[in-house]
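S.K.: The sequence and its predicted three-dimensional model are supplied below.
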Amino acid sequence: MSRPNTRNKNKRPRADECESPSSAVFKKIHSTGAITKCDIKQLYMVWKPVCHGCHGNSKDSPNCFCGLIPAANGVRKAGLWQKTNEIVRGLGPNPSKDLRDSTQTPAGLTNLGATCYANSILQCLYMNTSFRLGIFSLEPDILKMHPVLDQLARLFAQLHSSKMAFIDSAPFIKTLELDNGVQQDSHEFLTLFLSLLEGSLSHSKVPGARTIVQHLFRGSVSHVTRCSSCGRDSEASSKIEDFYELELNIKGLNNLEQSLDEYLSTEALDGENQYFCQSCQKRVDATRCIKLRSLPPVVNFQLKRYVFLPKTTTKKKISSTFSFPGQLDMGKRLSNPSSSYTYDLAAILIHKGSAANSGHYVAHIKDESNGQWWEFDDEHVSKLGLHPFGEKTGKSSNKADQKLHGSSTAGSVMNDDNSTCREAASASTMEDMFSSTDAYMLMYKRITLDENGTKNNNIVETSNNLLPHHFVDEIYELNGSYVKACEEYQSKKDNHLAYITERRQEVKSILIEAPVTPEDDSYFWISTDWLRQWSDNVNPPSSIDNSPIQCEHGKVPASKVTSMKRLSAGAWHKLFSKYGGEPTLSSCDFCMECLKDVAKNSVSADVYRDRKASLKNIAETALAGSSPNGPSYFVSKPWLTQWLRRKNVDIPSDADNGPTTALRCTHGNLLPEHASGAKRVSVPEDLWLFLFETSGLKSDDIVTFPSDTQPCEICSQQLSVVASVEDNLRAMKLKQRQSHEKLISGKSFALHPGQKYYLIPSSWLSEWRTYITATGKNVSSLPEPQCLEAIINSLICEKHSRLLQRPLDLACKRGTITQKASNTDGLTMISEPDWISFSEEWNATHGKGIHAEIVFRKSSQDNLQSSEAMPILVGDLDQSLNDVSNDLGTREPYIRTDPEICEECIGEKESCALVEKLNYQNEDIHIYLVRGKEAPKSIREATAAVPVPDRRTSKRSRRTTSGNSISLKVSGSTSVYQLKLMIWESLGIVKENQKLHKGSVEIEDDFATLADKCIFPGDVLWVKDTEIHENRDIADEISEHKVDVLQAEEGFRGTLLTSSVSAQLCQDIAFSE
């Protein structure tokens, strides 16, 4: 049983294989001239049923309203049906998101780019209640006189009572004239800022404000030097010096106690470092130490995490773990010990990052009012709980190795009951220890005792009554405008969402009512584009626009049926009553005239296809070369070929031109057949008439050429002249090919000592060879080579009258001397007969030729000592030719030229070309990782090869990465050190372990550039890993040794912070680490 053929089972029938219902209707209309109601339903697709649940809107059915809106619970990327949160986002930022929970929750400060160092210090100062009250107590007159104090007080007032979750710090930063794009050191900022405040506050008459900086932060020390012989202190030992922070070393130390011990340790002055005692009047052994004379209420410990590297003039961060207690007994460290100097940890300044000149500052600060810890990270303030690093209350925190990773583990910000906070705060003991790898500054506040001798936790109740009266109105106005903005946004949001809901309901209700059954005759036509915009846009079109679906007769044409929908009368009246518009197109507005025109054109198209099919065989016979019987006419052969192949007349083609357009010359006559593009065929008269009638061109634009038409005489004469010129050119080329057989082949020929030769540029010879060998259509298309005499003259330098190019090298093989070949570089030797012929053929003076001959030097050593060669006399030519193979073993042949080669000019030219070649930017070089003693020969030869400009490399060598090979983008100015860093990053080989080579030569000197090492674009280098040094992070290398030259640190020079201090003080502070 044979298998059924199912190959064409699902194949769609072609248009010409079956007749569509519409085509049959148009034929009936054309033949009868009558249009029935059934015809209208068929042509306007009214008969199609109403759709339900299609995947998309169908253009083929005017009764389909599916897909205009998404399915139930569906959304779209834009417009009326997008997600509600996306619609709300389009209204702009919600100011309510920046609303502060309450004034009990601290506010943040905006980071203007790199101002986190200032924000963290300002938050530490503000959270100190005593300092804040001191600033708030300043007189308005003092604030007007000192802009910095005024902006600081305003900033504190907003932090205290603003309803915003973060405050704009721009006015304060601008007043200090700080560069908000440059990261600075927070310790340096605090030192200079307190000095500036101290001077400005001295003008205040309020006692608590005038000396608030000195009262809170100033302590005193003395540097005591004691003679070991007499036991007396030096005179300078009695000098008391003030301090505002204690700078402690942490390198090699584990905790704060060890750093304080090292800070207060006794130093022995002996040997060459002996001290001259005024009492003993001689140099004696002595001791030196620092004595703490007094301590302030707030002690700032500056942890010296940055060490200065003299080699690179940069600073490196120490990231070791450092521990510190929750409470600190400083009374025992005073020169006069006391038990009333116990300090509680109040703030921790943290520097995140591995480099000293970058990173980020945050502050962990304890709220004095409730004992809660907060993390201040610019605009973001997070609640940490009752421990500085966010540990839970029940978790032990006395582990010395506990590390801080710079992030809070607390949840959302909220206020706890004050009684709970007091209990937790009082539960702290001297045993609480915390540790961090990033802590940069520690602030401890002194614990005071109440009248009963118990610890006072300094819990201070804050309220808006503490706000200065001259800021109350300003803060009230700011809060009022902010609350108003929040209310306006909320109102705008509610109104917009209500409008969206109303619009969606309107669209749904009308689209539910829109469909009309095929039997219903009461309906209206509406543009699908307008309906789609109305149902999909948030803001619908202002009025209904049906003009795109209206014909020139003001009716509805059947050709627009895919661009319109049948709308029920009820749905139409609802739309029209709300939106208006025109024109109104009802079920009676069918255009009969358009239907009749379409029927006529449809029938004409069918007739055209039938006639073309009947004449197809005749056209194919004409193209095959058969001569027709009876009258015939010329048509363009390419045109007729395109006409036969064309299937869709709507697609542009060469057949759109007339059948004889390509055959007509500029004089309006028939072109000769051998003219370009004038190929023609003869077609019978019936085919010609069909082509003439259906060409679509005006009759005046088509020229009829019967088959007996004579070609244009003028064009024939012109073509004859051109043909004659081409014949002469072919003869000339043939003659030159015959007279220069050896040169045409391009192969090297044997050179003989003693014979006379001439030199011409290899590039000109290659151009001549291409020109002479061109035949056929290209015989006259290529340009002639340049004048040979001008080329020869350009080879002579004006300064020395010598040659500016060198001849190509000689090759000696099996006793035969030849010259290496090249199509672009150097000078090629030709025989004397060839030069004489060239002189005649290319207008060159015979006597101006460049002479050359083969001579021998005895050895390479003779060549170094003397430039004299051993010429071969004509009489000895036969003997020399017989002995040439023996001479080659002991003597070296070379080319002697007349005029001589100008080595000076050539060297200068090559040097300029080399410099230009090494001045490259962003080009590729290839690096291979070699695992073994030596690189493979293929890699060594690739590295030693001279790169050829515009050379096309193989696919294998063009790959960016392939196993142990990489491609790197470099420039001529890239240093070897930078290249090694790039290799380190790509292949993971530590810089010190890299042995980098080009060919067999090792690339050394990290400070040299690739241009210095003659590394060109496309070069192949190879690297070997010695594995001597241990692997380490490349980030450490980059932070220690900057690839780019770093500018000297300017610090706060040029700001108000340094306006009242000397430049030497600024320098001391900047490099104190």
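M.R.: Cool, got the structure.
S.K.: Quick one: mean pLDDT over stretch 206-215.
M.R.: When pLDDT is averaged over stretch 206-215, the result is 90.
S.K.: Same check on stretch 325-340?
M.R.: For stretch 325-340, mean pLDDT is 89.
S.K.: start to end distance for that stretch?
M.R.: 17 Å (Cα to Cα, to the nearest Å).
S.K.: Repeat that for stretch 810-830.
M.R.: Rule used - Cα to Cα; the end-to-end distance of stretch 810-830 is 14 Å.
S.K.: Over to stretch 562-573?
M.R.: 23 Å.
S.K.: same deal with stretch 300-319?
M.R.: Using Cα to Cα, the end-to-end distance of stretch 300-319 comes to 20 Å.
S.K.: just how off-centre is that stretch within its chain?
M.R.: Offset of stretch 300-319 from its chain centre (Cα atoms, centre = their mean, to the nearest Å): 34 Å.
S.K.: So which bits of it are buried?
M.R.: 300-306, 314-318 (16 or more other Cβ atoms under 10 Å). All C-beta spots, glycine's among them, are computed from the backbone N, C-alpha and C.
S.K.: before we move on, what about stretch 931-939?
M.R.: Here stretch 931-939 shows 935, 939 as buried, counting by 16+ other Cβ under 10 Å.
S.K.: if you average pLDDT over it, what comes out?
M.R.: On average, stretch 931-939 scores 73.
S.K.: Can you pull out the residues in contact with it?
M.R.: If you take Cβ atoms under 8 Å, 6 or more residues apart in numbering as the criterion, stretch 931-939 is touched by 928, 930, 940, 943, 964, 997, 1020, 1022, 1024-1025.
S.K.: could you say what helices and strands the longest helix anywhere in the chain packs with?
M.R.: For the chain, the longest helix by residue count, based on DSSP state H, is helix 469-513. Helix 469-513 sits against helix 84-89, helix 147-161, helix 528-536, helix 569-579, with contacts defined as 3 or more Cβ pairs under 8 Å, 6 or more residues apart in numbering; DSSP states H and E.
S.K.: ranking those by burial, who's on top?
M.R.: Each of the helices and strands packed on helix 469-513 was scored by mean neighbour count; the highest is helix 147-161, a mean of 21, by mean count of other Cβ atoms under 10 Å.
S.K.: Give the partner strands of the next helix or strand after it in its sheet and their orientations.
M.R.: Next in sequence after helix 147-161, counting helices and strands by DSSP states H and E, comes strand 166-167. Using DSSP bridges, strand 166-167 pairs in its sheet with strand 108-109 (parallel).
S.K.: for the record, mean pLDDT for the partner strand?
M.R.: 94.
S.K.: Out of the buried residues of stretch 300-319, which comes closest to residue 907?
M.R.: Distances from residue 907 to these, taken as Cβ to Cβ, are shortest for residue 314 (43.8 Å).
S.K.: Residue 980 contacts residue 994, doesn't it?
M.R.: Yes: at 5.3 Å, residue 980 counts as touching residue 994 under the criterion of Cβ atoms under 8 Å.
S.K.: Can you tell me the closest non-neighbouring residue to residue 529?
M.R.: residue 548 (6.5 Å; Cβ to Cβ, 6 or more residues apart in numbering).
S.K.: Neighbours of that neighbour, how many?
M.R.: Residues within reach of residue 548, counting by other Cβ atoms under 10 Å, total 12.
S.K.: again with residue 146
M.R.: Quick note: residue 146 (other Cβ under 10 Å) scores 21 neighbours.
S.K.: leaving aside the residues next to it on the chain, what's closest to it?
M.R.: Nearest one to residue 146, counting by Cβ to Cβ, 6+ apart, is residue 200 at 4.5 Å.
S.K.: Please tell me how far residue 974 sits from residue 1014.
M.R.: Distance from residue 974 to residue 1014, counting by Cβ to Cβ, to the nearest Å: 13 Å.
S.K.: Looking at the two, which is more packed in?
M.R.: More crowded of residue 974 and residue 1014, by other Cβ under 10 Å: residue 974, with 22 against 12.
S.K.: can I assume the more buried one is in contact with residue 1010?
M.R.: Yes: using Cβ under 8 Å, residue 974 is in contact with residue 1010, at 5.1 Å.
S.K.: residue contacts, residue 497?
M.R.: 84, 87-88.
S.K.: And those, which is closest to residue 524?
M.R.: Of these, the one sitting nearest to residue 524 (Cβ to Cβ) turns out to be residue 87, at 31.8 Å.
S.K.: The closest one and residue 308, how far apart?
M.R.: According to Cβ to Cβ, residue 87 stands 57 Å off from residue 308.
S.K.: show me what contacts the residue nearest to residue 146?
M.R.: Counting by Cβ under 8 Å, 6+ apart, residue 200 has contacts 146, 148-149.
S.K.: Reformat those residues as CSV; add distance to residue 360 and pLDDT.
M.R.: Formatted as CSV, those follow (distance: Cβ to Cβ, whole Å; pLDDT from 0 to 100):
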residue, distance to residue 360, pLDDT
146, 31, 92
148, 25, 92
149, 28, 93
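S.K.: Could you dump those residues into a markdown table with distance to residue 388 added?
M.R.: What follows is these, written out as a markdown table (distance: Cβ to Cβ, whole Å):
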| residue | distance to residue 388 |
| --- | --- |
| 146 | 34 |
| 148 | 30 |
| 149 | 31 |
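S.K.: And those residues, which is closest to residue 823?
M.R.: Looking across the contacts of residue 200 and measuring by Cβ to Cβ, the closest to residue 823 is residue 148, at 77.2 Å.
S.K.: OK, contacts around that closest one?
M.R.: Neighbouring residues of residue 148 by Cβ under 8 Å, 6+ apart: 175-176, 196-197, 200, 1056.
S.K.: Straight-line length of stretch 535-542, end to end?
M.R.: Length of stretch 535-542, first residue to last, Cα to Cα: 13 Å.
S.K.: Pull out the buried residues from it.
M.R.: Buried-residue list, stretch 535-542, by 16+ other Cβ under 10 Å: 535-536, 540.
S.K.: Format those as JSON lines; extra columns: pLDDT.
M.R.: Shown next, in JSON lines, are these (pLDDT from 0 to 100):
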{"residue": "535", "pLDDT": "90"}
{"residue": "536", "pLDDT": "90"}
{"residue": "540", "pLDDT": "89"}
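S.K.: out of the helices and strands packed on helix 469-513, nearest to residue 633?
M.R.: Closest to residue 633 of the helices and strands packed on helix 469-513 is helix 528-536 (Cβ to Cβ; 49.4 Å).
S.K.: Now residue 172. Nearest residue, chain neighbours left out?
M.R.: residue 151 (4.4 Å).
S.K.: these two touch, right, that neighbour and residue 168?
M.R.: No: Residue 151 is beyond contact range of residue 168, at 11.2 Å (criterion: Cβ under 8 Å).
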